[in-house]
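Trainee: model the following, please.
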Amino acid sequence: MDYQQPRPGCSHHQDTVTLTFPRRVMECVDICSNADRLGLSDNQVTALVSATLKAGGADLDKFVISTSTTRRNRMLTRYHISQEYMAAFSEDPPKYAALHWDGKMLRDVLGGDPGTTSETLAVLVSGPPAYPEGKLLGVPVTVIDSSTEMAQAEASMDLLEAWGLTGEITALVFDTTAGNSGVHRGAAKLLEQQLDRKVFYLACRHHILEVLVGAVWKNLFGKVKSPENPWFKHFKDVWTDLTTDNPTTLSIRQKWLNKKKKECKEILQEILRSEKPPRADYREMAELTLIILGDTPPRGIHWSRPGAIHQARWMARNLYSMKMFMFAEQLEYDEETVVKLERLNLFLGLFYTPMWMSSTLAADAPANDLQFMKDMMKFKRTDPEIAQAVLQNLKNHSGT
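Mentor: As a prediction, this is how the structure comes out:
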C-alpha cells in the first residue's frame, strides 16, 4: 500500500516520501529482529508499528497486525535466523572444541509465575581458528524435577547434537562445584560418559581461588552470618572521611618473600601494561596489590569507591581487605585486627593476586597449581594457620 508522510512545520512547501509496506507488515525480518535487539515486548512492537502506519495516513484495517501476529512472526524469525547461524557454523566448525557451561538462577521470563526463578544454563563451545572466544550454542532452562547435574549434562548434550558437535569435543570447561566435578555423578563425568570417550577437564581456577580466599577470611575473622559483611559495611560508610594520600604498605623482611614480592610486581606491571588490560575489578585488585607492595601502577595511584558488600560478591573480600589494611590507622582498628589484616594481605599480595591474574591460562594451570602448592608449603614457616587453610581447600579440590 502506498501513502505519503507529510513533513511537520512546512505548510507553504510540503516534502513527501512515498513508502511501500507489505500487507503482512509483521513478516518483515528487519522489524522483528530489531525489536528483539531493542528488547521490545510484543505489545510495544505492535503499538509502534501501528502508530507509524497511522501517522502516514494508512488504514490499519487493511493490514494484518495484532499482538498475536507479532508474537508468531517474531518466533518464526528467530527460528529462521538461528537456522542460518547453525548452517554457517556447520560449514567451518572448530576441529578440536572445548565445551563450556555454567548455570544461574534467573527470573522466569517464559510465562511462569511472576517472581519465580529457574535454573538457566549458558552453553558454548570454543576452539581455533574461527572461535577462539567461543560460540554460544544456547541458553536452555534446565528441568527442575531432575538432579541439577543430570539436567545440565542432558541440556548440554542436546545442544551438541543439535549443532552436530559431539565428535569435535575434546575438553570440558566448568566451575569446580560439587555438581560439576563430582567423581561419579558430576555433570562433567556424565557428559564424558555420554560422549563415550575421555576428554580433558579444564576446571576453572577462578572458582577454586574464590574458595581459598573465603577460607582464609573465615580462618582469621570468623564466619560472616549476615548477607552483608559488617566489616565492609563500616569501611564503605566512612570511606569519604578517609585521607588517601599516605597508604600503609607491607613491610616484608624474609629474603624469599622479598623475592616473591619482586616477581609479583613484575608480573602485575606487565599485565597492566598489556594492550588488553583485565576487566575493571581484576584491574583494581592488581593495582591495589602493587600499591600495597610499595609500587605505582602504570596509570598512577587512584582510588575507586567501595562497591558491593554482600557475600555473593566474593571479589569484595580482596578489594576491601587491601584498603582496610592501607587505612587501618585512620580506622582505629585494634592491634589484633591490624595484625590479621597484615597477614591476610601478605597472602593476597604475594601469592593470591598473581595466581588469580594468571589463572585464565588453562594450559599453564597444572604448573601454576603445583607452584602455588609449593609456595604454600614453604609459607607454612611464615604463617602456618593461613597456609594450612589454603592447602586443605586445595586438597578438597584435588580431583579437578
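
Trainee: in the protein, which residue is closest to the centre?
Mentor: Nearest residue to the geometric centre of the chain (CA atoms, centre = their mean): D102, 9.7 Å.

Trainee: in space, what's closest to it - neighbours in sequence excluded?
Mentor: Among residues not flanking D102 along the chain, A122 sits closest, at 5.5 Å (CB to CB, 6 or more residues apart in numbering). To be clear about C-beta, it is placed using only N, CA and C from the backbone, and glycine gets the same treatment.

Trainee: let me see the contact set for that neighbour.
Mentor: 100-104, 136, 139 (CB atoms under 8 Å, 6 or more residues apart in numbering).

Trainee: surely the residue nearest to the centre of the chain is in contact with T177?
Mentor: No - here D102 lies out of contact with T177, judged by CB atoms under 8 Å, at a distance of 9.6 Å.

Trainee: which SSE is the spatially closest residue to M322 that is not a sequence neighbour in?
Mentor: Ranked by CB to CB, 6+ apart and with sequence neighbours excluded, the top spatial neighbour of M322 is L288, at 4.4 Å. If you go by DSSP states H and E, L288 is part of helix 280-292.

Trainee: one step back: and what about the residue nearest to D102, helix, strand or coil?
Mentor: strand (DSSP: H, G, I helix; E, B strand; the rest coil).

Trainee: sorry, back to before: assumed the residue nearest to the centre of the chain was part of a strand.
Mentor: Yes - per three-state DSSP, D102 lies within a strand segment.

Trainee: what about it, distance to A55?
Mentor: 45 Å (CB to CB, to the nearest Å).

Trainee: that older thread, contacting residues for the residue nearest to the centre of the chain?
Mentor: Counted by CB under 8 Å, 6+ apart, D102 has contacts 121-122, 174-175.

Trainee: and what of A155?
Mentor: 121, 123, 140, 142-143.

Trainee: ok, the residue nearest to it when sequence neighbours are not counted to S33 distance?
Mentor: Nearest non-adjacent residue to A155, counting by CB to CB, 6+ apart: P140, 4.6 Å away. When CB to CB is the yardstick, P140 and S33 sit 21 Å from each other.

Trainee: which one's more surrounded, the two?
Mentor: P140 (18 against 15; other CB atoms under 10 Å).

Trainee: where does the stretch 251-400 of the chain have low pLDDT?
Mentor: The model of the stretch 251-400 of the chain has pLDDT under 70 over residues 311-313, 397-400.

Trainee: again, 50 this time
Mentor: 400 (pLDDT under 50).

Trainee: quick one: the helices in it?
Mentor: Applying DSSP state H, counting those that start in this stretch to the stretch 251-400 of the chain gives helices spanning 255-273, 280-292, 315-326, 328-331, 335-347, 353-358, 365-379, 384-396.

Trainee: can you list contacts of the third one?
Mentor: It stands for helix 315-326. Contacts for helix 315-326 (CB under 8 Å, 6+ apart): 213-214, 217, 229, 231-232, 235, 247-249, 281, 284-285, 288-289, 291-292, 303, 306-310, 331, 333, 338, 341-342, 344-345, 348-349, 352-353.

Trainee: how about the fourth one?
Mentor: Applying CB under 8 Å, 6+ apart, the external contacts of helix 328-331 come out as 235, 238, 242-243, 248, 324, 337-338, 341.

Trainee: any chance of CSV for those, columns neighbour count and distance to N368?
Mentor: Converted to CSV, the contacts of helix 328-331 look like this (neighbours: other CB atoms under 10 Å; distance: CB to CB, whole Å):
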residue, neighbour count, distance to N368
F235, 19, 31
V238, 12, 37
L242, 15, 35
T243, 8, 38
T248, 16, 29
M324, 21, 28
T337, 17, 32
V338, 17, 31
L341, 23, 26
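
Trainee: can you pull the contacts of the residue nearest to M322?
Mentor: So L288 contacts 318-319, 322-323, 326 (CB under 8 Å, 6+ apart).

Trainee: can I get the buried part of those as one PyMOL selection?
Mentor: In PyMOL syntax, the buried subset of those is picked out as below (16 or more other CB atoms under 10 Å):
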select buried, resi 318+319+322+323+326
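
Trainee: make a markdown table out of the contacts of L288 and add distance to R197.
Mentor: Below are the contacts of L288 laid out as a markdown table (distance: CB to CB, whole Å):
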| residue | distance to R197 |
| --- | --- |
| N318 | 39 |
| L319 | 43 |
| M322 | 45 |
| K323 | 49 |
| M326 | 51 |
